[in-house]
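Q: Sharing a sequence plus its predicted fold:
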Amino acid sequence: MIDIKHLSKSYNDQKVLDDISVHINAGEIFAIVGHSGAGKSTLLRCINGLEGFSAGEVVVLDQEVKTLNERGLGVLRSQIGMIFQNFSLLNQKNVYENIALPMKVWGYSKEAIQKRVDELLKLVGLEAKKFVYPKELSGGQKQRVAIARALTLNPKILLSDEATSALDPNTTKSILELLKEINQNLGVTIIIVTHEMEVVKRVASRALLLENGKVIGLGRIEDLFLRPNEKMMRFLGEDEELPTEGVNIRLFFPSTVSYQPIVTQMARELNINFNIVWGKLEKLNDHVVGSLVINIDEQTSCKITDYLHEKTEVIWEVL
Amino acid sequence: MEQSIIAFFEKSLVMKNVLIDAVLETLTMSLISTFLATLIGFALAIVLIMTDKNGISPNRYTYKILDVTINMLRSFPFIILIIVLFPVTKFLVGKHTGTFAMIVPLTIGTAPFIARMIEGAFKEVDRSVIEAAKSFGTSKFQIIYRVLLPEAFPSIISAITLSLIIIVGFSAMAGTVGGGGLGAVAMNYGYYRFDALYIFWTVFILIVLVQIFQSMGDILYKILKH
């Protein structure tokens, strides 16, 4: 669906994007994560050609973005919806006119526009606000209008640029639910740019981590969050305080085993006491996954590792 | 006291016809000039906003040439501009005095000002709205008339109101160098004949005109602005 290869971009000798390669599959919710200034919004804009780039390839819906002329780019953009942090609605136009705008631009008939706008208003739950102007809407409602507008032309891809960053946590949740629904029911591939980890955990299936224009992590979010590499840990601002004596073993509980009483069972069966020194549970994409670090003396550590190896599905590593 | 009030009104009544003609002349000059200057200013503003370095099709040279020309025209003191433009006026209207002749310098003198004001109104439009329009494939031309124009429209109305008021003031100034209208009355009857009452009435009428235009502009803005 989207294939980015060795993408680089510089502003005045400063590299904003540095050799980025990623493939985004049809139908997934993919997150681009990074602190502000990491280049994530720029990367997103390379996908629909709102930003140019200096080297590499961006192939979207089988078309190389760089080679498209103005007309071709327009047609490609009509297949890619986009929503923004500050909603970007026309203040002088009411909800109906805002949602209708893309279809007007592409010269659809009035009947077709009316039909489509009504459908979309129903989808985003704003039937009652059809003729209201944006200034009378709340942030969440404005973003719903923006989502409806982005879907007007039946896009295959939806780009979301910090769409929930200006919203409170509850509104964020409801907007994310809506995006998820759009992804599942309409099969729209969604690419989310965000600096909020909660957003990533809640909806994304895979994520790309950017730092100073470089990829520092790419993969399924279970892996990224539960088995973070050093850079990822620094990114999340986590630093574990582990005892220096004895052996530390980290256990990962994938969603399939996170509800089983593995730790207490192991302690009882082996009749060994160990120290739980670090741990966390995360809700990722409606699955609960966890990690735990236990500390034991060296002699008994092999008993534990043998047990983990033979009797459980837990993934583990000795630190 | 009572007598002087009666004398004031009796004298004013004599002036009535001269003043009414002058008001009509001033209105003709101002409204036609504002209309023409708005057309020209609007076209210039569109070229400016498009060719601006952050615009939708940046072109440094076009922008710079327009920018310098507009600044040059705006730095002329208006009264000097009228005199400088005498040959142009004569060429276009056939003479360089009178109400209609003054429309030429008024238009040329204020079009650059209106262009700047409308450019400002366009620049106020949130850049991310333009980006959003681009994101669903809107062409440059459509961005101007479907996004920039409706979003900037109330501010453009305010700009036109302001320009109309400035043109009313300029038209009075034009009266001193051969134009008609209230300025000419104030000059010929008031200043040269030392008749303070003419000065009083012309100023009074100008104040009322400006008030009316400003209020109308404000009401229109309120209706249009969402």
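A: Received, thanks.
Q: Please make it C-alpha for all contacts and neighbour counts, starting now.
A: Fine.
Q: and chain B, which of its residues are near chain A?
A: Counting by C-alpha under 8 Å from any C-alpha of the partner chain, chain B comes close to chain A at B:126, B:128-129, B:131-139, B:142, B:147, B:150-151, B:225-226.
Q: got the residue ranges for the strands in chain B?
A: Counting by DSSP state E, chain B has no strands to list.
Q: Kindly list the longest helix within it.
A: Taking DSSP state H as the assignment, the helix of chain B that covers the most residues is helix B:2-51.
Q: which strands and helices sit next to that one?
A: Taking 3 or more C-alpha pairs under 8 Å, 6 or more residues apart in numbering or on different chains; DSSP states H and E as contact, the helices and strands that helix B:2-51 lies on are helix B:60-75, helix B:99-124, helix B:149-174, helix B:181-185, helix B:196-224.
Q: domains of chain A?
A: The domain map for chain A lists A:2-232, A:243-318, with the assignment taken from automatic domain parsing.
Q: and the longest helix of chain B, how far out from the chain's middle?
A: Relative to its chain's centre, helix B:2-51 lies at 10 Å (C-alpha atoms, centre = their mean, to the nearest Å).
Q: tell me the angle of it relative to helix B:60-75?
A: Following axes from the mean of the first three to the mean of the last three C-alpha atoms, to 10 degrees, one obtains 170 degrees for the angle between helix B:2-51 and helix B:60-75.
Q: Could I get the average pLDDT for helix B:2-51?
A: The predicted model gives helix B:2-51 an average pLDDT of 89.
Q: CA atoms of stretch B:196-216 as CSV?
A: Once side chains and other backbone atoms are set aside, the C-alpha atoms of stretch B:196-216 remain, and they are given as CSV (Å, rounded to 0.1, in the frame of the first residue of the first chain):
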residue,chain,number,x,y,z
ALA,B,196,-16.6,79.7,8.4
LEU,B,197,-20.1,78.4,8.1
TYR,B,198,-19.3,76.5,4.9
ILE,B,199,-16.3,74.9,6.5
PHE,B,200,-18.5,73.9,9.4
TRP,B,201,-21.1,72.3,7.2
THR,B,202,-18.7,70.5,4.9
VAL,B,203,-16.9,69.0,7.9
PHE,B,204,-20.1,68.1,9.6
ILE,B,205,-21.4,66.3,6.5
LEU,B,206,-18.1,64.5,6.1
ILE,B,207,-18.3,63.3,9.7
VAL,B,208,-21.8,62.0,9.2
LEU,B,209,-20.9,60.3,5.9
VAL,B,210,-17.9,58.6,7.5
GLN,B,211,-20.0,57.4,10.4
ILE,B,212,-22.7,56.0,8.1
PHE,B,213,-20.1,54.1,6.0
GLN,B,214,-18.3,52.7,9.0
SER,B,215,-21.6,51.6,10.7
MET,B,216,-22.7,50.0,7.5
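Q: Reformat the helices and strands packed on helix B:2-51 as JSON lines; add mean neighbour count.
A: As requested, the helices and strands packed on helix B:2-51 are arranged in JSON lines below (neighbours: other C-alpha atoms under 10 Å in any protein chain shown):
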{"stretch": "helix B:60-75", "mean neighbour count": "14"}
{"stretch": "helix B:99-124", "mean neighbour count": "23"}
{"stretch": "helix B:149-174", "mean neighbour count": "22"}
{"stretch": "helix B:181-185", "mean neighbour count": "28"}
{"stretch": "helix B:196-224", "mean neighbour count": "15"}
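Q: Going by mean pLDDT, which of the ones you listed comes out lowest?
A: The bottom spot among the helices and strands packed on helix B:2-51, by mean pLDDT, belongs to helix B:181-185, with a mean of 86.
Q: Of the residues of chain B next to chain A, which belong to helices?
A: Filtering the residues of chain B next to chain A for membership in helices, criterion DSSP H, returns B:S128, B:V129, B:E131, B:A132, B:A133, B:K134, B:S135, B:Q142, B:P150, B:E151.
Q: So the fourth one is in contact with A:M82, correct?
A: When you say that, I think you mean B:A132. Yes - the pair B:A132 / A:M82 is scored as a contact, 7.1 Å apart, by C-alpha atoms under 8 Å.
Q: Neighbour count: the two, which is higher?
A: Summary of the neighbour comparison: B:A132 and A:M82, criterion other C-alpha atoms under 10 Å in any protein chain shown, with A:M82 having more neighbours (31 against 24).
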